[in-house]
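# Coordinates only, no sequence provided:
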């Protein structure tokens, strides 16, 4: 039998042990708040990002829904880059323990950097090893590792590309959320000297170029891209189903695809969702010499002219048969059109160009005295080769009408397309399949050059007709008249 005194003593000792365990747990939780990377247990998709980096990938993309731990993944990797060790498993980082220099790109100073990124860094990094300093906005934008000497800075997309993004060289770059292409390109320049790596973590709500230039090119071995995409919110097992469903109920149909399913929002607002590569893109064939061919031109100052060629068959099928992204020299563009007509034997009799090419001579005055505008310059070159240059239709109403025409051609009412694209028109195809609407529901006014040529072609009403010169011309009689 245990005496009452012994029972009280035992109860007291048990209570003290429990208090010590609670204190240890509290200290552990407190430590975890500022050393998160040490306790991190990566989900499969996060581990795949780590594996890609160790396999030598130079650009790694984690794209998925909200609340799947994208920023946590980036923060933990930053700790490994700066300390030289992966604290969650004790292995060396991809930089082998040497000091590194890095850059983090946020969308904005207040909403993203101040309220999301910096709190997450303070939670994930082994914070006692770091010495952060503030910029002129009071944001902790410069960080240095006390032991290794590694350092990184934080930039925001709101800063000017040339002033903020073009300078400096570094070992690693982390873009948290989709970054505009000009800023991404400027930052990537900074990785060249050190053969650095780029990490992108994002929910795909904007920047269609990422889908086109990164996701769709991940199989190009020379680019060394690794993509982990389409991660649904349900993959995060720490979230309750009820909480997820309440969040899902607040999303629009388009947002649901990106924020819950981890899809690409850009693909839900496409102008021509009917376009399918496997259906509409075909191998080139020799265009018969009697088929009418039309050339559409989208001219620009300071950047490439975009030229597309279209053919129409006797059965009414239309084909984009060729493309040129060519130097902005009107005479050179005209000569290239003439050359292609000759070498291919095309029945190319008409070209259409953006009306802005007419009357643009004011822009070029001062270069070499008085000069013709683009339209007049090209017309003079094309006319001797029986190619008529005309103005393409340009207005919002014409644009919307042309867009509808293309939708119809991509899938006619009888269930088959009447529009096809030769696979040598790769840049045009990339634009056409990703052309999307903006927040107001209007077509986005960027990366749309081939798109404009396409819908404007539909407004030319080009159809197959028998050539007027099929019959041989009568021979002239020799002799005195």
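Perfect, I can see it now. All values derive from a computational prediction rather than experimental measurement.

# Distance of residue 395 relative to residue 192?
Counting by C-beta to C-beta, to the nearest Å, the gap from residue 395 to residue 192 is 44 Å. Glycine gets a C-beta too; all of them are placed from N, C-alpha and C.

# for residue 252, same thing?
Distance from residue 252 to residue 192, by C-beta to C-beta: 40 Å.

# quick one: contacts of stretch 242-253?
Under the criterion C-beta atoms under 8 Å, 6 or more residues apart in numbering, residues 66, 233-234, 256, 259-260, 268 lie in contact with stretch 242-253.

# if you set the cut-off to 10 Å instead, what comes out?
For stretch 242-253, the external contacting residues (C-beta atoms under 10 Å, 6 or more residues apart in numbering) are 65-67, 232-234, 236, 239-240, 255-261, 265, 268.

# where along the stretch 251-400 of the chain do the helices fall?
253-259, 277-280, 330-344, 361-364, 374-382, 396-410 (DSSP state H, counting those that start in this stretch).

# ugh, wrong one, the stretch 101-250 of the chain
118-124, 181-189, 209-213, 241-249.

# ok, back up a step: rank the helices of the stretch 251-400 of the chain by mean pLDDT and give me the bottom one.
Sorting the helices of the stretch 251-400 of the chain by mean pLDDT places helix 361-364 lowest, at a mean of 46.

# so what's the residue nearest to residue 351 when sequence neighbours are not counted scoring on pLDDT?
Excluding the flanking residues, the one nearest residue 351 by C-beta to C-beta, 6 or more residues apart in numbering is residue 295, at 4.1 Å. pLDDT recorded at residue 295 is 98.

# bridging residues for residue 145?
Applying DSSP bridges to residue 145 yields these beta-bridge partners: residue 130.

# Name only those of the contacts of stretch 242-253 that count as buried.
65-67, 233, 236, 255-261, 265, 268 (16 or more other C-beta atoms under 10 Å).

# These: which two are farthest apart?
236 and 268 (22.3 Å; C-beta to C-beta).

# give me the low-pLDDT residue ranges for the chain?
Along the chain, segments meeting pLDDT under 70 span 1, 22-35, 266-268, 360-370, 439, 468-481.

# Would you map out the domains in it?
Domain assignment for the chain by automatic domain parsing gives 34-268, 277-458.

# Give me the distance from the longest one to the chain's centre.
If I follow you right, that is domain 34-268. Chain-centre distance of domain 34-268: 16 Å, with C-alpha atoms, centre = their mean, to the nearest Å.

# before we move on, back to that, distance to residue 52 and mean neighbour count added to the helices of the stretch 101-250 of the chain, as a markdown table?
As requested, these are exported to a markdown table (distance: least, C-beta to C-beta, whole Å; neighbours: other C-beta atoms under 10 Å):
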| stretch | distance to residue 52 | mean neighbour count |
| --- | --- | --- |
| helix 118-124 | 20 | 19 |
| helix 181-189 | 17 | 18 |
| helix 209-213 | 16 | 20 |
| helix 241-249 | 27 | 12 |
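
# how about JSON lines for the ones you listed, with distance to residue 167 added?
Shown next, in JSON lines, are the helices of the stretch 101-250 of the chain (distance: least, C-beta to C-beta, whole Å):
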{"stretch": "helix 118-124", "distance to residue 167": "22"}
{"stretch": "helix 181-189", "distance to residue 167": "9"}
{"stretch": "helix 209-213", "distance to residue 167": "23"}
{"stretch": "helix 241-249", "distance to residue 167": "40"}
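
# Quick one: closest of the ones you listed to residue 79.
Closest approach to residue 79 among these is made by helix 118-124 (6.4 Å; C-beta to C-beta).

# nearest residue to residue 113 other than its sequence neighbours?
That would be residue 106: by C-beta to C-beta, 6+ apart, it lies 4.3 Å from residue 113.

# and the one you found, how many neighbours does it have?
Using other C-beta atoms under 10 Å, residue 106 has 25 other residues around it.

# surely it meets residue 153?
No - counting by C-beta atoms under 10 Å, residue 106 stays clear of residue 153, with 11.2 Å between them.

# Using JSON lines, lay out the helices of the stretch 251-400 of the chain together with distance to residue 442.
Formatted as JSON lines, those follow (distance: least, C-beta to C-beta, whole Å):
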{"stretch": "helix 253-259", "distance to residue 442": "15"}
{"stretch": "helix 277-280", "distance to residue 442": "24"}
{"stretch": "helix 330-344", "distance to residue 442": "29"}
{"stretch": "helix 361-364", "distance to residue 442": "27"}
{"stretch": "helix 374-382", "distance to residue 442": "27"}
{"stretch": "helix 396-410", "distance to residue 442": "8"}
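
# Return the most buried member of those.
Comparing those by mean neighbour count (mean count of other C-beta atoms under 10 Å), helix 374-382 comes out on top with a mean of 21.

# what angle separates that one from helix 330-344?
Going by axes from the mean of the first three to the mean of the last three C-alpha atoms, to 10 degrees, helix 374-382 is angled at 40 degrees with respect to helix 330-344.

# Just checking the distance from helix 374-382 to the centre of its chain.
36 Å.

# ditto for stretch 263-276
So, by C-alpha atoms, centre = their mean, the centroid of stretch 263-276 is 13 Å from its chain's centroid.

# go on, stretch 271-281?
Counting by C-alpha atoms, centre = their mean, stretch 271-281 is centred 19 Å from the centre of its parent chain.

# Between the two ends of that stretch, how far is it?
17 Å (C-alpha to C-alpha, to the nearest Å).

# Which parts of the stretch 1-150 of the chain are strands?
Taking DSSP state E, counting those that start in this stretch, the strands of the stretch 1-150 of the chain run over residues 59-64, 101-106, 130-134, 140-145.

# Quick one: closest of the ones you listed to residue 404.
strand 59-64 (31.8 Å).

# For that closest one, enumerate its sheet partners and note whether each is parallel or antiparallel.
strand 197-202 (parallel), strand 225-231 (parallel).

# of all these, which gets the most neighbours per residue?
Buried most deeply of the strands paired with strand 59-64, by mean count of other C-beta under 10 Å, is strand 197-202, with a mean of 23.

# now the angle between strand 101-106 and that strand, please.
20 degrees.

# wait, which of the buried ones among the contacts of stretch 242-253 is closest to residue 465?
residue 268 (40.7 Å).

# Could you report the distance from the nearest residue to residue 403 once chain neighbours are set aside to residue 293?
Computed as C-beta to C-beta, 6+ apart, the closest residue to residue 403 that is not its neighbour in sequence is residue 455, at 5.4 Å. Noted for residue 455: a distance of 18 Å to residue 293, by C-beta to C-beta.
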